[in-house]
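>>> With the input below, show me the fold.
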Amino acid sequence: MAARSVDTASPPARRLRRLISLGIAAYLTWQVVLPLRYYLRENRQDERFAWRIFSALAIPPYRCEVRVQEFAHGEQLGREVNLARTLHDAWTAALRQGQDAVVRQFLHTRCGSSSLVEAVEFSRLCRREDRAAAPHMRVRLDCRSGDLRTQVEMQ
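From the prediction side, this is the model:
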């Protein structure tokens, strides 16, 4: 004779087990879906939520310097934002990599930092050791209109 398994748990205990099982399934599904979004996008610069850890995108063949300037009404020269005092090193590294979402969010945050700021400009100048062309990126956000202009060129 085969032995039978009898569930002697009460209905509330069975519901709790079922709820825990659904929670675990939802968590595991999220762990697959979040990185999958990276592979379905056209712009694959932002690898923070990808399955990759060490890729060629994370280690570019050039070194980049970044700076951010805030412009008040009528100013031609902007005030330099001290990134070392404003951001954690990890976010500064994301700016150096040119991650679009991080750049946009930081510019919007700087616009909200003062009512006197009319525009914020991010610039990223990259250099290669072999002196080959490297990207130069400039993004300017007009705080009043929300107009975002991006200029990328190889220099």
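>>> switch to C-alpha atoms for all contacts and neighbour counts from now on
Fine.
>>> report the longest helix in the chain, please.
When the chain is parsed with DSSP state H, its longest helix is helix 11-40.
>>> That helix: what's the following helix or strand?
Using DSSP states H and E, the next helix or strand after helix 11-40 towards the C-terminus is strand 62-72.
>>> Nearest to the spatial middle of this protein, which residue is it?
Closest to where the C-alpha atoms of the chain average out (C-alpha atoms, centre = their mean) is Val102, at 4.2 Å.
>>> Verify the contact between it and Arg96 for me.
No: applying C-alpha atoms under 8 Å as the test, Val102 and Arg96 come out as separate, 10.2 Å apart.
>>> What average pLDDT does the longest helix of the chain get?
Predicted confidence along helix 11-40 averages 87 (mean pLDDT).
>>> Report all helices and strands that that helix contacts.
The helices and strands touching helix 11-40, judged by 3 or more C-alpha pairs under 8 Å, 6 or more residues apart in numbering; DSSP states H and E, number zero.
>>> How far does that helix sit from its chain's centre?
Shown here is helix 11-40, whose average C-alpha point lies 25 Å from the average C-alpha point of the whole chain (C-alpha atoms, centre = their mean, to the nearest Å).
>>> Surely the residue nearest to the centre of the chain is within a strand?
No: under DSSP: H, G, I helix; E, B strand; the rest coil, Val102 sits outside any strand and is assigned helix.
>>> How about the contacts made by it?
Contacts of Val102 were listed using C-alpha atoms under 8 Å, 6 or more residues apart in numbering, and they are 91, 94-95.
>>> Now the phi/psi pair for Arg149, please.
Main-chain torsions, Arg149, degrees, to the nearest 10: phi -110, psi 130.
>>> So it sits against Arg140, correct?
Yes: in this structure, Arg149 sits in contact with Arg140. The criterion is C-alpha under 8 Å, and the distance is 5.3 Å.
>>> out of these two, which sits in the more crowded spot?
Neighbours were tallied for Arg149 and for Arg140 using other C-alpha atoms under 10 Å; the higher tally belongs to Arg140 (21 against 11).
>>> Flag whichever of the contacts of Val102 scores worst on pLDDT.
By predicted confidence, the contacts of Val102 are weakest at Ala94, whose pLDDT stands at 86.
>>> quick one, what contacts that one?
Counting by C-alpha under 8 Å, 6+ apart, Ala94 makes contact with Val102.
>>> so what's Glu65 up against?
Residues in contact with Glu65 (C-alpha under 8 Å, 6+ apart) are 96, 124-126.
>>> Good, wrapping up.
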